[in-house]
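*Asks:* Pasting the sequence and the predicted model now:
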Protein chains: 2
Amino acid sequence: MTDEQLAGIAKALAHPARVRIVRLLAAQSECRGHDVFAGLPLAQSTISQHLRVLKSAGVISAHAVGTSMVYCLSKPVLEEFLNALGGIASDAAICDPGQGDDR
Amino acid sequence: MTDEQLAGIAKALAHPARVRIVRLLAAQSECRGHDVFAGLPLAQSTISQHLRVLKSAGVISAHAVGTSMVYCLSKPVLEEFLNALGGIASDAAICDPGQGDDR
DNA sequence: ATCGTCAATCGTAGATGAACGATACACAGG
DNA sequence: CCTGTGTATCGTTCATCTACGATTGACGAT
C-alpha cells in the first residue's frame, strides 16, 4: 500500500463525525441512511458530505433499497489499512532516549 | 478511545509526507533529523511542520542529541490506534447488498 | 568573535475542508 | 396531479492545511 493510499484512508477517518459514522455502521447490521442522519448532531447535507468522503475512500459502500439508502462498512478496506499500518508499526524498533550522552 | 482521539491520530497520518516519515522512523533505529530532512522532497521548514503535527498527535517523540534531533516512532500510540480501529472493524457485520428486494 | 550547521518558527499565499441553508431530484401515496 | 419523504448537490462562508522562503536561536569549530 502506497503512502498516498494509506494517507487517503487515514484522511477519510480524520474527522470525529466520520469516525462516529464508521462506528454506527459497525454496530448495526441494518445501516440505513436515516439512522446515520439521526445519529449525528449535524445537518443532513453535512452528513451526506461526510458519507461521500468515506465512500470515495472506499471505507464504506452504499446501495439503494427502495426509496432510501443503505450504507455498509467495507471491512476489507479497513483491514487492509490496519494491516499496512500494523506492518509498519511492527517493524519499528524501540527508541531509547536514555543513550543521549554519547560524548 | 473517543472519536476525537481516533480522528486525531488519523489526521496526523492523513498526509503522504507524514506516512513517509512514519515509515522512515520505523525502518531506522537511528532516526536523526537530518535523515528525515533528506528523505523527503520538501523544504526543511515544511518537514519540520509535519514533524510537529506527528509529535502533537503523540505518534512520534523527539529528543536532542548533541546538536541535532532524534525522532522516534511512539509504538504504543500507534498500537492503541490500531487496536481501537481493529475493535470497530471486528464488530462489523458483513453487509449483504443482495437482499435489497425487501418489498 | 565569526562562521557554518541543525532545527524551529514566522509570515504569507493558495488550496482544501467543514458546516449550513436552499434547492433539486426520484419516488410513493393520496 | 400534488405532496411529503429521503438523499444528493450547489453555493457560500469561515477555518484549517500545505508549502515555501526568510529568519531566529543554539551550538561547535576555526
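*Replies:* Sure, I can see it. Numbers count the residues shown, from 1 in each chain, chains lettered A, B, ... in the order given.

*Asks:* Determine the number of other residues adjacent to A:Ala27.
*Replies:* Using other Cβ atoms under 10 Å in any protein chain shown, A:Ala27 is surrounded by 15 other residues. For glycine as for every other residue, the C-beta is placed from the backbone atoms N, C-alpha and C.

*Asks:* Test for you: state the pLDDT assigned to the residue nearest to it when sequence neighbours are not counted.
*Replies:* Spatially, and ignoring its direct neighbours in sequence, A:Ala27 is nearest to B:Asp91 (6.4 Å; Cβ to Cβ, 6 or more residues apart in numbering or on different chains). Listed pLDDT for B:Asp91 reads 85.

*Asks:* Same question for the one 3 residues further on.
*Replies:* At B:Ile94, the pLDDT value in this model is 80.

*Asks:* Let me know the secondary structure of it.
*Replies:* When classified by DSSP: H, G, I helix; E, B strand; the rest coil, B:Ile94 comes out as coil.

*Asks:* residue contacts, it?
*Replies:* With contact set as Cβ atoms under 8 Å, 6 or more residues apart in numbering or on different chains, B:Ile94 has these partners: A:Lys75.

*Asks:* Report the separation between it and DNA strand D.
*Replies:* 20 Å (Cβ to the nearest atom of the strand, to the nearest Å).

*Asks:* quick one: low-confidence ranges for chain A?
*Replies:* Chain A contains residues with pLDDT under 70 at A:96-103.

*Asks:* how many degrees apart are the biggest helix by length in it and helix B:75-91 in direction?
*Replies:* The single longest helix within chain A, with elements called by DSSP state H, is helix A:75-91. Using axes from the mean of the first three to the mean of the last three Cα atoms, to 10 degrees, the direction of helix A:75-91 lies 160 degrees away from that of helix B:75-91.

*Asks:* And helix A:75-91, what does it pack against?
*Replies:* When contacts are defined as 3 or more Cβ pairs under 8 Å, 6 or more residues apart in numbering or on different chains; DSSP states H and E, helix A:75-91 sits against helix A:3-12, helix B:16-27, helix B:75-91.

*Asks:* mind checking which of those is nearest A:Leu51?
*Replies:* For those, proximity to A:Leu51 was assessed by Cβ to Cβ; helix A:3-12 is nearest, at 10.7 Å.

*Asks:* Any residue of that closest one touching DNA strand C?
*Replies:* Yes - contact of helix A:3-12 with DNA strand C (Cβ under 7 Å from any atom of the strand) involves A:Lys11.

*Asks:* Please save the CA atoms from that helix in CSV.
*Replies:* Extracted as CSV, the C-alpha positions of helix A:3-12 are listed here (Å, rounded to 0.1, in the frame of the first residue of the first chain):
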residue,chain,number,x,y,z
ASP,A,3,1.9,6.3,1.2
GLU,A,4,-0.9,8.0,-0.8
GLN,A,5,-3.3,5.2,-0.3
LEU,A,6,-2.5,4.9,3.4
ALA,A,7,-2.9,8.7,3.8
GLY,A,8,-6.1,8.6,1.9
ILE,A,9,-7.8,6.1,4.2
ALA,A,10,-6.4,8.0,7.2
LYS,A,11,-7.8,11.2,5.8
ALA,A,12,-11.2,9.7,5.5
